[in-house]
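In: Can you look at this prediction? I've put the sequence above it.
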Amino acid sequence: MASESQNWVFMVTAQTPTNIAVIKYWGKRDETLILPVNDSISLTLDPSHLCTTTTVAVSSAFHQDRMWLNAKEISLSGGRFQSCLREIRARACDVEDENKGIKITKEDWAKLHLHIASYNNFPTAAGLASSAAGFACLAYALGKLMDVKEDESQLSAIARQGSGSACRSLFGGFVKWIMGKEDNGSDSLAVQLADEKHWDDLVIVIAVVSSRQKETSSTSGMCESVETSLLLQHRAKFHAVCLDTSPPIFYMNDTSHRIISIAEKWNRSEEAPQVAYTFDAGPNAVLIARNRKAATSLIQRLLYYFPPNSDDLSSYIIGDKSIAKDAGI
Ligand code: ADP
Ligand code: DP6
Ligand code: CO
């Protein structure tokens, strides 16, 4: 370490949005490398909407790798964190900060320890893809810190080893995770299908039905589906596969079902559909309105049945604050 003083910290902060799959990933063919049994397609949210902010810091004064998630220390001993750290460290380059008089060589990175602080601005482990934003942000921030030269697709294959859905958050817009064929996972990565300007009239509204941690994590849920669901091989709808799992996994609840009914009824009463809906592994609704006008109308309809902070619904998260204002929240 070419720094005279021990009192230096070198850090990078990154922010990464979450992504919501429209064709869902559900099931792995390799649990360690996180290789899926199907391709998936998602929509990355606007960075001002649901996102993770992660700061990664390195200093010769740090004696072990440590991480804090939402201000609480968590263990980094799990294989997923270790895979991401190992893969990024293996690609680290020399980094120099002349102002601070710091030079960290490739070899130094293997010996230096990291402190990582991450914060999700939305509920964690509640079915809004916190693992996606979280591990994508981690891979990206570590890559920046260590001046890793890999492009987004190559970084996506590293983020994938933290959480499968994370590989898709390295890109904005519409993204495909190509399942790949290789046993070593080298071709299982994300590519951008269309950038964020594509269909930029669409407005995403999140109805947080419950911000509680889900009972069945995505990881264990999909593992049980692979073992027991006969529907899975037909790539049938994700929630149908969950119900077909033994014992069945209930991610949606009564409120989720009622939100679907409201959307369906409204769409049928109009000439063209106004809103699409999708649910990840949890009861929270991701509603995609065709434009701002539809979004305002949608929120007003939902508010009528489900006021925020009621027994049935916790809150609405709307990326565009002016739409929230127009709708009266
Ligand atoms: P979700 O539906 O929110 O993605 P998962 O069960 O798939 O729920 O994943 C939740 C797990 O993801 C958390 O328990 C934690 O291990 C990890 N995670 C969530 N947020 C972050 C983050 N910001 N940084 C790193 N890991 C995170
Ligand atoms: C329903 O990526 O959270 O959101 O790879 O085990 O971490 P692990 O699972 P995760 O699963 C996401 C499942 C989903 C669908 C999707 O995002 O494609
Ligand atoms: Co997840």
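Out: Received it, and whenever you're ready, just let me know what you need. Ligands and ions are numbered 1, 2, ... in the order given.
In: Ligand 1 contacts on the stretch 51-200 of the chain?
Out: 52, 69, 118, 120, 124-132, 134-135, 138, 163 (C-beta under 6 Å from any ligand atom). Yep, even glycine has a C-beta here, placed from its N, CA and C like the rest.
In: Mind giving me the ChimeraX select for those residues, buried ones only?
Out: The buried residues among these can be selected in ChimeraX (16 or more other C-beta atoms under 10 Å) with this line:
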select :52,69,118,120,124,125,126,127,128,129,130,131,132,134,135,138,163
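In: Identify those among the residues of the stretch 51-200 of the chain next to ligand 1 that sit within helices.
Out: Counting by DSSP state H, those place Ser130, Ser131, Ala132, Gly134, Phe135, Leu138 in helices.
In: can you put the residues you listed in JSON lines and add distance to Leu170 and pLDDT?
Out: Output for these, formatted as JSON lines (distance: C-beta to C-beta, whole Å; pLDDT from 0 to 100):
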{"residue": "Ser130", "distance to Leu170": "16", "pLDDT": "96"}
{"residue": "Ser131", "distance to Leu170": "14", "pLDDT": "97"}
{"residue": "Ala132", "distance to Leu170": "10", "pLDDT": "98"}
{"residue": "Gly134", "distance to Leu170": "13", "pLDDT": "98"}
{"residue": "Phe135", "distance to Leu170": "10", "pLDDT": "98"}
{"residue": "Leu138", "distance to Leu170": "11", "pLDDT": "98"}
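In: ok, and which of the residues you listed reach ligand 2?
Out: The residues of those that also fall near ligand 2, by C-beta under 6 Å from any ligand atom, are Ser131.
In: what about the helix or strand harbouring Trp177 and ligand 2, touching?
Out: Secondary structure assignment for Trp177, by DSSP states H and E: strand 174-178. No. Strand 174-178 lies out of reach of ligand 2 by C-beta under 6 Å from any ligand atom, never closer than 7.6 Å.
In: and that strand, what's its mean pLDDT?
Out: For strand 174-178, the mean pLDDT works out to 98.
In: got the angle between the following helix or strand past that strand and strand 174-178?
Out: Next in sequence after strand 174-178, counting helices and strands by DSSP H and E, comes strand 189-194. Going by axes from the mean of the first three to the mean of the last three C-alpha atoms, to 10 degrees, strand 189-194 is angled at 150 degrees with respect to strand 174-178.
In: list the buried ones in strand 189-194?
Out: Leu189, Ala190, Gln192.
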